[in-house]
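>>> model this:
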Amino acid sequence: MIFTGLDLIFMILAFIGFVMSAFALVHSIRTPAQAFAVAGKQTKKLWLIILSLATLFSFATAVGYFGAGLGQLNIFAIASVIAAGIYLADVRPAVKGMGGGKNQGPYGPW
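Down below sits the predicted model:
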């Protein structure tokens with residue numbers, strides 16, 4: 001009975017990790033490459049590689065490819081969440097307002 005509850009918790013956490021990695025990957029794809037250089041961050045190509053691998057491994061963890069239950073808590077799942085977390089907490093705010101082809105003024109679009 002307790003293992004069923006733990007399995008459910010880890011399955012939910014694995015799904016959240018996948019959604020977080022996928023969101024970070026989509027954001028990095030939509031961000032212009034110049035925005036990374038202007039913000040002083042790693043290149044877009046490097047972030048695409050890191051986040052693609054993070055999304056792949058977090059998806060494999062979410063669908064239970066590495067095993068069920070406590071087997072889902074593995075080094076790949078942890079590394080995926082860390083990579084996506086670094087991107088979302090550090091890189092995304094730095095490159096968020098740059099580029100995109102929108103008419104942006106100092107107080108928003110015009």
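>>> report the contact partners of the residue lying closest to residue 81 once chain neighbours are set aside.
Spatial nearest neighbour of residue 81, excluding adjacent residues (C-beta to C-beta, 6 or more residues apart in numbering): residue 17 at 4.6 Å. The way it works is simple: take the backbone N, C-alpha and C, and place the C-beta from them, glycine included. Going by C-beta atoms under 8 Å, 6 or more residues apart in numbering, residue 17 touches 58, 61-62, 77, 80-81, 84.
>>> one more time with 7 Å
Counting by C-beta atoms under 7 Å, 6 or more residues apart in numbering, residue 17 touches 58, 61, 77, 80-81.
>>> over to residue 21?
51, 54-55, 58, 80, 84 are the contacts of residue 21 under C-beta under 7 Å, 6+ apart.
>>> from residue 65, how far off is the spatially most central residue of the chain?
Geometric centre of the chain, nearest residue: residue 21, 2.6 Å, by C-alpha atoms, centre = their mean. According to C-beta to C-beta, to the nearest Å, residue 21 stands 15 Å off from residue 65.
>>> shaky segments in this protein?
Within the chain, the stretches with pLDDT under 70 are 1-3, 66-73, 99-110.
>>> repeat the analysis, applying 50 as the threshold.
Applying pLDDT under 50 to the chain flags residues 69-70.
>>> list the buried residues in the lengthiest helix in it.
For the chain, the helix with the greatest residue count under DSSP state H is helix 2-30. Within helix 2-30, the residues that count as buried by 16 or more other C-beta atoms under 10 Å are 7, 10-11, 13-14, 17-18, 20-25, 27-28.
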